[in-house]
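Asker: got a sequence here, can you model it:
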Amino acid sequence: MNVDNNALTQHSSLKEINRAIEEQLMCVIYRSRSLVGEDGEQEILKSAHRNNPALNITGVLVSNSGWFLQVLEGPGMKVKKLLNKIEADTRHSDFYVISKRAIDKRNFQEWSMASVSVDQLRFGQLVKESLSGGNQGLEEVRNFLCYGKWT
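Answerer: The predicted structure is shown next:
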């Protein structure tokens, strides 16, 4: 049996490329309307703390008056699968992906899922900043989580 070494090399390269694409770090930001109270939010966070480490996913859940803004960071395919699961979750509605992009480093690498409640003005600023593709809002949330104060 003749084996074409070029074909094997090409096949191996395609496998490596596909693996690299699947493992490319992604950051997805979405917003949705919460259909649960504070107890329901705590259950969502418990589930994230339990499941996200095995998926290598990190992030933050920002809430304000019944709205969520969630940041998910991790390998692209795993983030995509989790996002599909979240979108189908009946504990929220009005699901909208604000931003989806490849990243070089995580903003929330220390947290399987951090959480912070903000006022309406800051929530609106974070949504606006995320829509524009900027990272400043996420850095401010990270700094608040690390240092306990807003910049």
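
Asker: kindly provide the distance from the residue positioned nearest the centre of the chain to Tyr30.
Answerer: In the chain, the residue lying closest to the centroid (CA atoms, centre = their mean) is Leu72, at 0.8 Å. Noted for Leu72: a distance of 8 Å to Tyr30, by CB to CB, to the nearest Å. Using the backbone N, CA and C atoms, a C-beta is placed for each residue, glycine as well.

Asker: joint contacts of the two?
Answerer: Contact criterion CB atoms under 8 Å, 6 or more residues apart in numbering; residues bridging Leu72 and Tyr30 by contacting each: Leu83.

Asker: picking up where we left off before, show residues contacting the host helix or strand of the residue nearest to the centre of the chain.
Answerer: In the assignment (DSSP states H and E), Leu72 maps to strand 67-75. Strand 67-75 is contacted by residues 22-34, 52, 55-63, 79, 82-83, 86, 92, 98, 103, 106-109, 123, 126-127, 130, 138, 141 when judged by CB under 8 Å, 6+ apart.

Asker: adjacent strands (with direction) for it?
Answerer: strand 25-34 (antiparallel), strand 58-64 (antiparallel) (DSSP bridges).

Asker: and the next element down the chain from the first one?
Answerer: The helix or strand immediately downstream of strand 25-34 is helix 38-55, counting by DSSP H and E.

Asker: with that, I have no additional questions.
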